[in-house]
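Colleague: sequence plus predicted model, see below.
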Amino acid sequence: MDGLDLLVRNTSEVLTVEGTHRERAEDALTPKPGAVVGVRGGRIAYVGPEAGLPAGAVGPDTEVVDALGGFVGPGFVDPHTHLVFAGERSTEFDLRNQGATYLELAKAGGGIAGTVRATRAASEDELVRLALPRAKRLLEQGVTTAEVKSGYGLNLETELKMLRAVRRLGTRTPLELVPTLLCAHAVPEEYRGNREAYVRLCIEEILPAVAKEDLARFCDVFVEDSAFTVDEARRILSAAKSLGMTPRLHADQLTACGASELAAELDAATADHLEQVTDAGLKALADANVTAVLVPTSTLFLRMRPYAPGRRIRDAGLNIALGTNVNPGSAMSENTALALGLACLENGLTAAEAYWGATRGAAVSLGMQRHGRLSEGDPADLVVFGCASYRHLPYHLGVAHARVVVKAGRIVVRQPMDGCV
């Protein structure tokens, strides 16, 4: 074996996460107690006992990371973010906590409309600058890949500007970004009297322009009576599919509106939120092999009930992914550690199921078959944690334990290694 670029040793265990969602989650994490991880050329070259390393694997140029008894796992994959936007809504947050309703805030010019105004006014350069510290905070949580949606433009010019900003952001941060068009996030104020005209704008102008520049891998629609109807979403997503974009849906968050059934009908990659999903909706999703994306930080942030029924979703046989949904209105937090804890406390998942959702389950939802796991030949995206077990992550609520974060074989975050919990 040629010399390794990087070797991580002295681990409690390495979770390679090489199983499937149809297995018991603890088994799907495929733990390898005491293993070392070798990296060469940006890819995983070896996972196994240190005694099994071939002669010459560790040379004078090999960087050795001592895990100090911490565990190692794949870099987290965040399957649902709104990382690029301008403005902030702390005043709205404060008013809501004093009893103001979302409708009252919207009538006063707040809500998504406020973020749309700020994002339309911002330059592409400014959007990239504002998003960089958010990306850094995700990296510090151990996230190495993240989906990023548009959706605060709601016109041709700004939706393109947002997606171009996502593309540029991906060249300025080690975080690997997966772009999603979300022009159907809300009906913009100027079209409130003629929503059909906005649906046509999405289909006839925005979608073709995005496809022409190859700016988005996915297309998402917020399906809700207050946003877009099932029929409107079907038209938009069918047009997106014809242009090569895979559907995703904000589904059944506020009401059981048939969005899960639509996701199944369209062979969508994901149905996200699902707080109000019905048994019929779950069956449709399972039959169509649609991934359920849970974003419990939003449910907490909005002080909503119920949380998405993670236990029912898992027992129905769906793949589960777990995201932060970082956004200025309903989840202003890049805290993956908090999402892991809430997935257990409120969605009813086990620690292993939550960890699966933040790694392999999320990668599968993005169609990234070699991400979210640590098999030989896979991209070397990994995290050295300052705790001995993945079970500590949701238990130590909201605390990030990522000590060393490696993206494509390069150390991109290095925190003090002050022992292992």
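Modeller: Looks like it came in fine.
Colleague: avg pLDDT for the longest strand along the chain?
Modeller: Ordering each strand of the chain by length in residues (DSSP state E) puts strand 176-184 first. Average pLDDT, strand 176-184: 98.
Colleague: helices and strands around it, which ones?
Modeller: strand 143-149, helix 156-172, helix 207-213, strand 218-222, helix 230-242 (3 or more CB pairs under 8 Å, 6 or more residues apart in numbering; DSSP states H and E). Glycine gets a C-beta too; all of them are placed from N, C-alpha and C.
Colleague: quick one: which of the ones you listed is nearest residue 102?
Modeller: strand 218-222 (13.8 Å; CB to CB).
Colleague: got the contact list for residue 276?
Modeller: Counting by CB atoms under 8 Å, 6 or more residues apart in numbering, residue 276 touches 252-257, 306.
Colleague: quick check, pLDDT for it.
Modeller: 97.
Colleague: same check on residue 366?
Modeller: 98.
Colleague: also residue 259?
Modeller: For residue 259, the model assigns a pLDDT of 98.
Colleague: tell me which element the residue lying farthest from the centre of the chain is part of?
Modeller: The outermost residue of the chain, judged against the average C-alpha position, is residue 55 (39.6 Å), by CA atoms, centre = their mean. Take DSSP states H and E as the rule and residue 55 turns out to sit in neither a helix nor a strand.
Colleague: ok, now how distant is residue 284 from residue 262?
Modeller: Note on residue 284: its distance to residue 262, by CB to CB, to the nearest Å, is 9 Å.
Colleague: the two - which one has more neighbours?
Modeller: Set residue 284 next to residue 262 and count neighbours by other CB atoms under 10 Å: residue 262 wins out with 25 against 20.
Colleague: the closest residue to the more buried one other than its chain neighbours: how many residues sit nearby?
Modeller: Counting by CB to CB, 6 or more residues apart in numbering, residue 262 lies nearest to residue 230, which is 5.2 Å off, once chain neighbours are set aside. Neighbour count of residue 230, defined by other CB under 10 Å: 18.
Colleague: how much space between residue 230 and residue 251?
Modeller: For residue 230 relative to residue 251 (CB to CB), the value is 10 Å.
Colleague: overlap of the contact sets of those two?
Modeller: 223, 259, 262.
Colleague: check contacts around residue 246.
Modeller: By CB under 8 Å, 6+ apart, the contact set of residue 246 is 217-219, 240, 268-269, 367.
Colleague: most surrounded residue in those?
Modeller: Among the contacts of residue 246, residue 219 has more neighbours than the rest - 30 neighbours, counting by other CB under 10 Å.
Colleague: re earlier: per-residue confidence at the residue nearest to residue 262?
Modeller: pLDDT for residue 230: 98.
Colleague: list the contacts for it?
Modeller: Here residue 230 is in contact with 223, 257-259, 262 (criterion: CB under 8 Å, 6+ apart).
Colleague: take these and lay them out in CSV including distance to residue 342.
Modeller: Converted to CSV, the contacts of residue 230 look like this (distance: CB to CB, whole Å):
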residue, distance to residue 342
223, 23
257, 24
258, 26
259, 22
262, 27
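Colleague: of those residues, which belong to helices?
Modeller: Judged by DSSP state H, the contacts of residue 230 include 259, 262 as members of helices.
Colleague: can you tell me which two in the contacts of residue 230 are farthest apart?
Modeller: Maximum pairwise distance among these (CB to CB): 8.9 Å, between 257 and 262.
Colleague: residue 208 against residue 243, yeah?
Modeller: Yes - using CB atoms under 8 Å, residue 208 is in contact with residue 243, at 6.8 Å.
Colleague: so which of the two has more stuff around it?
Modeller: Neighbour count, other CB under 10 Å: between residue 208 and residue 243, residue 243 has more, with 15 against 12.
Colleague: grab the nearest non-local neighbour of the more buried one.
Modeller: Leaving aside its sequence neighbours, residue 243 sits nearest to residue 211 (CB to CB, 6+ apart; 4.0 Å).
Colleague: just give me the neighbour total for the one you found.
Modeller: Using other CB under 10 Å, residue 211 is surrounded by 18 other residues.
Colleague: got the contact list for residue 413?
Modeller: 139-140, 142, 402, 404-405.
Colleague: switch to 10 Å and redo it
Modeller: The contact partners of residue 413, by CB atoms under 10 Å, 6 or more residues apart in numbering, come to 136, 139-142, 144, 174, 383-384, 400, 402-407.
Colleague: ditto for residue 176
Modeller: Shown in contact with residue 176 (CB under 10 Å, 6+ apart): 75, 77, 143-146, 170, 366, 368, 371, 379, 381, 407-408.
Colleague: give me that answer again for 6 Å
Modeller: The contact partners of residue 176, taken as CB atoms under 6 Å, 6 or more residues apart in numbering, are residue 145.
Colleague: swap in residue 346?
Modeller: 296, 307.
Colleague: distance between stretch 353-364 and the chain's centre?
Modeller: Here the centre of stretch 353-364 is set off from its chain's centre by 10 Å, with CA atoms, centre = their mean, to the nearest Å.
Colleague: er, stretch 11-18 I mean
Modeller: 21 Å.
Colleague: cool, and stretch 115-125?
Modeller: With CA atoms, centre = their mean as the basis, the mean position of stretch 115-125 lies at 23 Å from the chain mean.
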